[in-house]
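Participant: Any chance you can model this:
(one chain, ligands or ions: 1)
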Amino acid sequence: LLSGCGKEKDYLVVGTNAAFPPFEYVGGVSGDQVMGFDIDLARKIAEDAGKTLKVENMKFDSLIVALNAGKIDMIASGMTITPERQASVDFSEPYYEATQVVLVNKQDDSIHSLADLAGKHFAVQLGSTADIMAKKYTQSVTAFNTGFEAIMELKNGKVDLVLFDSEPAANYLAKNPQLKLISLDFPPEFYGFAVAKSQPELLASINKTLATIKQNGEYDALLAKHMK
Ligand code: GLN
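Facilitator: As a prediction, this is how the structure comes out:
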């Protein structure tokens, strides 16, 4: 049987930052439901473990702390597997490949390669891989609690660019035609679900669900549902 903070209540408590469409966002008929690709995957993982999914929406930067404090059982938040994070949590097998992209205002024609990023004023999401990577190119990085706020700052002309994950960037771009997306030579990133290091059974159960749904077509059906 799986143990963890949800065990007495038969819940799988999943932490996310629901400002990362199409992986997690707030919507639905009531306008206050957390939904998305990660949430559908998490629901499947919970079902297979005989649990009911419960979603806790919090700051991205608080997720690992909440996990290790036992407030949540699993992180499902488009979180990239990195060696730094692996020092404090365990990740599932990778379930999605992404990369960073640059968003700028449409009239900006100054960025054609990674070298052009030097010294630019970046806006990023606090604690993200973009936040860490930005510091390789510039001293001038402003970090926000959500990518949405970073994009607002760009639209208001307060920063030169936003460094953000490819799929959410494309999603925000669709609603902001005054911006454009630039693909540069950034390395691939792999998203994983994170659990506390004390939860190997939960980790095994997550990996089993992922393997099953990749085999039986459910994973591809969810991709088709959520990715444009
Ligand atoms: N994939 C990025 C990271 O892990 C951003 C995730 C996010 O903003 N939800 O840092």
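
Participant: Spatially central residue for the chain, please.
Facilitator: Averaging the C-alpha coordinates of the chain gives a centre point, and the residue nearest to it by CA atoms, centre = their mean is G78 (2.3 Å).

Participant: distance of that residue from the ligand?
Facilitator: 4 Å (CB to the nearest ligand atom, to the nearest Å). Using the backbone N, CA and C atoms, a C-beta is placed for each residue, glycine as well.

Participant: Would you mind giving the secondary structure of that residue?
Facilitator: Assigned state for G78: coil (three-state reduction, DSSP: H, G, I helix; E, B strand; the rest coil).

Participant: who does the biggest strand by length in the chain pair up with?
Facilitator: Once the chain is assigned using DSSP state E, the strand that runs over the most residues is strand 96-105. Note on strand 96-105: by DSSP bridges, its sheet partners are strand 161-165 (antiparallel), strand 179-182 (antiparallel), strand 188-191 (antiparallel).

Participant: thinking again about what came up before, the residue nearest to the centre of the chain touches F20, doesn't it?
Facilitator: Yes - using CB atoms under 8 Å, G78 makes contact with F20 at a distance of 5.0 Å.

Participant: Find the residues that touch each one of those two.
Facilitator: Counting by CB atoms under 8 Å, 6 or more residues apart in numbering, the common neighbours of G78 and F20 are D165, P168.

Participant: Need the winner for burial among the strands paired with strand 96-105.
Facilitator: Ranked by average neighbour count under the criterion mean count of other CB atoms under 10 Å, these are headed by strand 161-165 at a mean of 27.

Participant: same for the helix or strand following that one, what does it pack against?
Facilitator: Moving toward the C-terminus from strand 161-165, the first helix or strand encountered (DSSP states H and E) is helix 166-174. With contacts defined as 3 or more CB pairs under 8 Å, 6 or more residues apart in numbering; DSSP states H and E, the secondary structure elements packing on helix 166-174 are strand 96-105, helix 147-155, strand 179-182.

Participant: one more time with 10 Å, if that's ok
Facilitator: strand 19-20, strand 24-27, strand 96-105, helix 147-155, strand 161-165, strand 179-182, strand 188-191 (3 or more CB pairs under 10 Å, 6 or more residues apart in numbering; DSSP states H and E).

Participant: Show me what from this structure comes close to the ligand.
Facilitator: Where the chain comes near the ligand, counting by CB under 6 Å from any ligand atom, the residues are 17, 20, 60, 77-80, 125, 128-129, 147, 165, 189.
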